[in-house]
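Enquirer: Show me how the following folds:
(one chain, ligands or ions: 2)
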Amino acid sequence: MKAAAEVPLHGGTANRGRVHRVGDTVRRPLRPTSTATHALLRHLEDVGFDGAPRVLGVDDAGREVLSYVPGEAVTAPAPAWGLTDEALASVGRLLRRFHQAAADFDPTPYTWAHEVPAPFSGGGIAHNDPNLDNVVFRDGTAVALIDFDLAAPGAPVWDVAATARLWAPLRAPVDVADARRFRALRRLRILVDAYGLDEDGRGSLLAAVLDSHSWMCDIVQTGAVAGVPGFAEYWTPEAVARNERARRWLRENAAGVAAALH
Ligand SMILES: Nc1ncnc2c1ncn2[C@@H]1O[C@H](COP(=O)(O)OP(=O)(O)OP(=O)(O)O)[C@@H](O)[C@H]1O
Ligand SMILES: [Mg+2]
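Expert: Ligands and ions are numbered 1, 2, ... in the order given. I've put the predicted structure just below:
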C-alpha cells in the first residue's frame, strides 16, 4: 500500500515547518514534556471531551501522532469568519468546556512546559496558548483546541486572560488591522460572558492579562535567544515594540477594562 502523503500544516510559530498532516493524522515533534500533554489528552478522551485531538502514539520518525481535527484554524491572514463576535463567543464556550473536562485531571505526576506564575498557578489546567491558529472551527464555530504544548496547571481565569489578549484583542488599536479594531472592550465582555466567568475571575482578570502578556513575551524571547527558529524569526525589534505598546495600552486602559467586565 502506498504511504499517505505528508502535507505541511502552516499557521504555527513554535514548530513552523515541522507539523504535517498524514491522512487523518497530524505528526508533530515530540517534546520533553509530551508525556504530560499526552496524559492530559488521554484524560480528555476518557471523559468524552470532543474538543481536542486524540493521541494515537509515536511514529517511526519519533514524532507524536495525533488525530487530525477536520475544520479550519484561524491562520494568518485571518478570514472574516474567524473574527466575528459569534466566533469569539464560541471560543469562550469551548474554553469553558475544556476547563470543566480537565478539572478532574491530576497533573502532579508530570513535568509541564512552563510554570504559570502565582497567584494563577493552580485550580485547574490551562491550555496556555489559545491563539487564533490553535482553535479549529467548523461553520464559524470553534469546535476544538489544538497544540497543547504549553498546557500546564493553571487557573481558569489565566486562560481566559490569554484568550482575551489574543482574541479581543487587548492591544493598541494601531496594532489591530482588521474588523476588531476599536472593539476590544466590547469583545472582552462577549468573551467573559460566553465563558461564564464568575465575579472572582472578573476581579482578577486584568492582573491575569498583564501577567499573561509578560509570561508569553518571556517564553518567546527566551526561545528566540535559544535559537528556536519560529521564535527567532518572530521576535524582531518591531515585535518587541508592538508588545511594549500592548503593555502600555493595557495599563492606560485599566479602568476601561475593569468597567467592561461588569
Ligand atoms: N490535530 C490537528 N487537527 C487539525 N489541524 C491541525 C492539528 N494540529 C495542527 N493543525 C494545523 O496545523 C497548524 C500548525 O500546528 P500547530 O499549532 O501544532 O503548530 P505550532 O508551530 O506548534 O504552533 P504554535 O506556534 O501555536 O505553537 C495549526 O494552526 C492548524 O492549522
Ligand atoms: Mg499552534
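
Enquirer: What parts of this structure come near ligand 2?
Expert: Within the chain, the positions near ligand 2 by C-beta under 5 Å from the ion are 12, 134, 147. Heads up, the C-betas are built off the backbone N, CA and C, glycines and all.

Enquirer: For the second one, grab the count of nearby residues.
Expert: Okay, so that is N134. 22 (other C-beta atoms under 10 Å).

Enquirer: tell me the contacts of it?
Expert: Listed by C-beta atoms under 8 Å, 6 or more residues apart in numbering, the contact partners of N134 are 12, 73, 127, 145-147.

Enquirer: could I get those as TSV with distance to ligand 1?
Expert: Converted to TSV, the contacts of N134 look like this (distance: C-beta to the nearest ligand atom, whole Å):
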residue	distance to ligand 1
G12	2
A73	3
H127	11
L145	10
I146	4
D147	3
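
Enquirer: I figured H213 was touching W249, is that so?
Expert: No: between H213 and W249 there is no contact under C-beta atoms under 8 Å: 10.2 Å.

Enquirer: F231 belongs to a helix?
Expert: Yes: applying DSSP: H, G, I helix; E, B strand; the rest coil, one finds F231 inside a helix.

Enquirer: Read off the pLDDT value for it.
Expert: pLDDT, F231: 93.

Enquirer: dump the residue contacts of it.
Expert: 13-14, 220-221, 223-224.

Enquirer: between those, which is closest to A87?
Expert: For the contacts of F231, the residue nearest A87 by C-beta to C-beta is T13; the value is 21.0 Å.

Enquirer: For the closest one, the count of nearby residues, please.
Expert: 17.

Enquirer: for the record, mean pLDDT for stretch 186-193?
Expert: 98.

Enquirer: Buried residues, it. List them.
Expert: 187-192 (16 or more other C-beta atoms under 10 Å).

Enquirer: So which of these sit within helices?
Expert: Applying DSSP state H to those, the entries found in helices are 187-192.
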